[in-house]
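In: what would the 3D arrangement of this be:
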Amino acid sequence: MKRSKYKFKYKYTINEKTISINDMSRISYGVDIYDDTYGRKILLLKIYDISTEKNKVEDLISSCNRLNASPTHIFEIIEDIL
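Out: Coordinates of the predicted model:
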């Protein structure tokens, strides 16, 4: 079996969404995950409403980008920070 010379590279970015319930609204932050293996960002997954604390989600994204975390583990990673 021939192996690809490319190593999968993922890019994590923050997303934000305003959530309104009755007369109350809040901003919640989540994660967008892209495959950036070949230099073209291809959206793989959008996860909304992880936390209302932007700095928590930014720290998560920073760690995922630094470690090139696989999207298959993202829900476990999110569970660990909550």
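
In: what about Leu45, neighbour count?
Out: Neighbour count of Leu45, defined by other C-beta atoms under 10 Å: 13. From N, CA and C alone the C-beta is placed, and that goes for glycine too.

In: check which helix or strand covers the closest residue to it other than its chain neighbours.
Out: In space, Leu45 comes closest to Ile33 once its chain neighbours are excluded; the distance is 4.5 Å by C-beta to C-beta, 6 or more residues apart in numbering. Per DSSP states H and E: Ile33 is located in strand 24-35.

In: just checking: what are the partner strands of that strand?
Out: strand 10-21 (antiparallel), strand 42-51 (antiparallel) (DSSP bridges).

In: okay, buried residues for the one helix or strand in the chain whose mean pLDDT sits lowest please.
Out: Taking mean pLDDT, DSSP states H and E as the measure, helix 74-81 is the helix or strand of the chain with the lowest mean score, a mean of 89. The neighbour-count check on helix 74-81 (16 or more other C-beta atoms under 10 Å) flags Ile74, Ile77, Ile78 as buried.

In: what of stretch 35-47?
Out: Quick answer for stretch 35-47 (16+ other C-beta under 10 Å): Asp35, Asp36, Ile47.
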